[in-house]
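Asker: Attaching a predicted model along with its sequence, questions to come.
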Amino acid sequence: MTLNIAITMGCHVDPKDLRVTHIEAEQRRRCWYGIVMLHMLQIVSFGNVDILKLRSCDVELPAEVNDIDILADKILPASTSPTQMSYMLFKLRLHNLAYQVCDKLFRGCKLTKEVVMALDGDIAAEQKKWDDRYLADGGPKMVAHHHKAHWNILHGYAHQMYLLLHRPFFHVGRGDSWPGSRARCVASGRALLDIHQQFYELPHFQRYRWYLNGLGSFYAFHGAVTIFATIFEEGSGATRLEYGAAFLACVSRFENLAFRSNICAQSLHVLQYLR
Amino acid sequence: MAEDSPNTSIDGESLLRRVNICKANNRKPPLRQPLSCVPCRQRKAKCDRNQPCQACRRRLCPQSCVYASTPSKSLANDAGDLRARVEFLEQLLLSSVQNSESARNPSPDVDQDHHQQEQSPQHVTTSAGTEPDSLEGVSVLDTTPNNASYHADATTKQIFVGTLSVADDIKDDSNVRYRVEKAQWNAVLSESLRHHHRPGSLLGDEVFSTASKFPFGIGTTGDIDSLLAILPPHRHCDYLINQYFTCFSPLFHILHDPTFHAEYAAFARNPKAVKLSWLALLFTLLALAVTTLDDQDVVLLDLGPESEGRNNNRALASRFRAGAMNALAADQFLVKHSLATLQALILLIYAINHSEGAAQSMALLGMCPT
């Protein structure tokens, strides 16, 4: 319905061909790409939407600028710091990657080592772009807490995609597997639990705690199950203890979040079963 | 004896299965109901199964014409239970066969299936885009054994395993969903869903109460005054709008913030002159903003219909989303629309994804025309 309204209003046509101000043009582009993102969410969740026609419309991406830099008659030059559009534009690129990953995974195509490595490289390249944008001087310091929250959310999504991509090769010994797959799964699983812990415990993320009611916990659940599989298969003491502690801490957080979050409530039963 | 030699009737196979299951469970096998009366059975005579039967009347002993008591009710119950158990066991068996086939003959698809079974209880593995998403659509569904099941065939590349479920506990509607799941997790997940339907869960009612009339029914909230009455007090509005722009706006940056702030200031000066589509947008932002408030937030406690903070969040979000839908319907958004209409719809879908799950917003989003 919304898509049809957008097309009726001409949002599928790039606004440079319409006589509108820059402010309205940017709003139109944002609406169009908002709809594209919502469609991509449907695809990777349910696989029931044909998006080819949507992607063939040549609407330019929204400008990566802050709102105050958009004037009626012009747009001021883009900056290299994170802007109000940075997160959404990064997310859009990630959605494209997720679409490719899910397309390979869920349409019965043979997932070869080359395909996995290529997509792995693409995800890593995106992660590098976020670090360049969000981290001051390439270091770990963030300019602002909300940037750290955005950066964490993006990385959470990336780790989820790594897990999807590499877990068919989690068990070492398959002839066509990439040896790094298992290590990638374990690292991503661990990272997802870390991100979940940060959003749960750090005071400056308190206003983002709602993230754990949905996707944040969904990804953490995936990470927890991966870590559990690792503990199950590896016998060595130190690793087992460390991962075990992380797993149990995650279950404890899920117990506290279960009242507010349906995802936590549903996955808690599985995690307690594993425990 | 009936339990030793399989009955060769049409029902013989199912009886044998029932018998074996009962044996496995250390229960007495269910006996067939005798149809002839006791005297006729003793005499091995033909019985017309009336009360009293003709043979007993001829023998002048109608009072002895009795039939063996059959626990028909409990048998039916047993049959129902057994049917459920058999279906569950069949599904487990099918998934074990698939697993053992994949162990003998690994291929990327089936092996991936195996890993999915190990590491994820759901085939739907990633929900991308709007944060936070949820799988809430799943828990509304009925998991009784009258579902049609579509199982993956290990010899084909098809790896989708799904069921069609119908929520038949909604009294005047039914809701069909295709749900993807792995059979061997049914026991754990259906247990999880049973646990999940706790009293006070707003989930089932919420989904249908906000969406059921939209976009056609307006109810009594179609005029400006009744819509404005749903809004929180001005100072709370300011607080919530500020929350929206702090927390959500950068994550899904659809609006042009300075434009909205100017419109908001104009609205504060003259609320009754507001455009309905813009009002819908305002309601949507409020619906998103309340989800960021924690249980102890003063504004939440002030606004909420519930005395306890925890349910206020969802109740308020639901109320504001309903306000947005009513405003859009009153604006006749299906026939006339502005940029504000579109922005309100997009953010409303984002808000529904956020609280009810992406499955609930699919129809509102619209399918891409091919």
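Answerer: Arrived safely, thanks for sending. Residues are numbered from 1 along each chain as shown, chains lettered A, B, ... in the order given.
Asker: lowest-pLDDT helix or strand in the chain?
Answerer: In the absence of a named chain, this looks at chain A. None of the helices or strands of chain A scores lower by mean pLDDT, DSSP states H and E than helix A:52-56, at a mean of 72.
Asker: Wait, chain B was what I had in mind.
Answerer: Lowest on mean pLDDT, DSSP H and E among the helices and strands of chain B sits helix B:136-139, with a mean of 34.
Asker: circling back: could you list every helix and strand that whichever helix or strand comes after the least confident helix or strand of chain A packs against?
Answerer: Using DSSP states H and E, the next helix or strand after helix A:52-56 towards the C-terminus is helix A:86-106. Judged by 3 or more CB pairs under 8 Å, 6 or more residues apart in numbering or on different chains; DSSP states H and E, the packing partners of helix A:86-106 are helix A:22-46, helix A:113-134, helix A:145-166. In this view, the C-beta of every residue, glycine as well, is placed from N, C-alpha and C.
Asker: mind putting these in TSV, distance to B:Pro62 included?
Answerer: TSV is the format used below for those (distance: least, CB to CB, whole Å):
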stretch	distance to B:Pro62
helix A:22-46	67
helix A:113-134	83
helix A:145-166	76
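Asker: right, and these - which one's nearest chain B?
Answerer: helix A:22-46 (3.3 Å; CB to the nearest CB).
Asker: That closest one vs helix A:145-166, what angle?
Answerer: 40 degrees (axes from the mean of the first three to the mean of the last three CA atoms, to 10 degrees).
Asker: average pLDDT across helix A:22-46?
Answerer: On average, the pLDDT along helix A:22-46 is 87.
Asker: Any residue of that helix touching chain B?
Answerer: Yes - using CB under 8 Å from any CB of the partner chain, helix A:22-46 reaches chain B at A:23-24, A:26-28, A:30-31, A:34-35, A:37-42, A:44-46.
Asker: In which helix or strand does A:Ala191 reside?
Answerer: Assigned by DSSP H and E, A:Ala191 belongs to helix A:180-201.
Asker: So which other helices or strands are in contact with that helix?
Answerer: Counting by 3+ CB pairs under 8 Å, 6+ apart, helix A:180-201 packs on helix A:145-166, helix A:215-233, helix A:237-257.
Asker: Redo those as TSV? Include mean neighbour count, distance to A:Val101 and mean pLDDT.
Answerer: Below are these laid out as TSV (neighbours: other CB atoms under 10 Å in any protein chain shown; distance: least, CB to CB, whole Å; pLDDT from 0 to 100):
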stretch	mean neighbour count	distance to A:Val101	mean pLDDT
helix A:145-166	23	6	89
helix A:215-233	24	14	87
helix A:237-257	16	24	87
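Asker: Let me have these in JSON lines, extended by distance to A:Val270.
Answerer: Converted to JSON lines, the helices and strands packed on helix A:180-201 look like this (distance: least, CB to CB, whole Å):
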{"stretch": "helix A:145-166", "distance to A:Val270": "16"}
{"stretch": "helix A:215-233", "distance to A:Val270": "8"}
{"stretch": "helix A:237-257", "distance to A:Val270": "10"}
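Asker: Can you tell me which of those helices is nearest to B:Thr246?
Answerer: helix A:145-166 (7.3 Å; CB to CB).
Asker: In chain A, what residue comes closest to chain B?
Answerer: Counting by CB to the nearest CB, chain A gets nearest chain B through A:Gly214, at 1.9 Å.
Asker: what about that residue, how many neighbours?
Answerer: Residues lying near A:Gly214 (other CB atoms under 10 Å in any protein chain shown) number 26.
Asker: Thought B:Glu356 was touching it, still the case?
Answerer: No - applying CB atoms under 8 Å, one finds A:Gly214 not in contact with B:Glu356, separated by 10.7 Å.
Asker: Could you report the distance from the closest residue to A:Leu163 other than its chain neighbours to A:Leu94?
Answerer: Counting by CB to CB, 6 or more residues apart in numbering or on different chains, A:Leu163 lies nearest to A:Ser188, which is 5.1 Å off, once chain neighbours are set aside. With distances taken as CB to CB, to the nearest Å, A:Ser188 is found 15 Å from A:Leu94.
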